[in-house]
Each structure stands twice: as C-alpha cells, then as structure tokens.
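Enquirer: take this sequence and fold it.
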Amino acid sequence: NHLLELGAGRNVSMVGRIDRGIRSSNLVTSGRIGWGMAQFLDELVRRSSEELQAKNIGRWASSKPAT
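Expert: Here you go, the predicted structure:
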C-alpha cells in the first residue's frame, strides 16, 4: 500500500508540473505574463520530462548485458 501511494505521489507531482506549464501558456491569452516567459516555461517543462525519459532509458540500457 505504501509503495503504491509513493508511486502515485511521484506521478501526481510530475503531472502537476506539466499542468502548471500548460496553464502558464493559457495565462498569455489573458495577457498576465509575457509570451517569452510562457515559451521559456514550456521549454522548461519539456526539458524536464525529456530528462526523466533519458534517465529511464539510460537505466534500461545499463541493465542490459553488453553485446
């Protein structure tokens, strides 16, 4: 049970981060933040999710025996 909760918590925080990025883009339409800032935030979200994927791929590759 605890393990499931931990996993869910981690996923929720990642989703929350992406959701905030999407919301930051929506703020541009209401003119609250500059377009450049929104692009920066979107890029930040995209990079952080790509980094997570790269780490997972790296872990998977290193667990495979070298051919």
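Enquirer: tell me the helices and strands packed up against the helix or strand where Leu52 lies.
Expert: If you go by DSSP states H and E, Leu52 is part of helix 35-63. Contact here means 3 or more Cβ pairs under 8 Å, 6 or more residues apart in numbering; DSSP states H and E; on that basis helix 35-63 packs against helix 2-29. Backbone N, C-alpha and C define where each C-beta goes, glycine included.
Enquirer: got the buried residues for stretch 50-62?
Expert: Buried residues in stretch 50-62, counting neighbours by 16 or more other Cβ atoms under 10 Å, are absent.
Enquirer: burial of Ser48, as a residue count?
Expert: The number of residues packed near Ser48 is 13, by other Cβ atoms under 10 Å.
Enquirer: quick one: it from Gly36, how far?
Expert: In this view, Ser48 and Gly36 are 19 Å apart by Cβ to Cβ, to the nearest Å.
Enquirer: same thing with Val45?
Expert: Relative to Gly36, and taking Cβ to Cβ, Val45 is found at 15 Å.
Enquirer: and if you look at Asp42?
Expert: 11 Å.
Enquirer: how about Leu52?
Expert: Applying Cβ to Cβ, the value for Leu52 to Gly36 is 25 Å.
Enquirer: circling back: Asp42 and Gly36: who's more crowded?
Expert: Higher neighbour count among Asp42 and Gly36: Asp42, with 15 against 9, using other Cβ under 10 Å.
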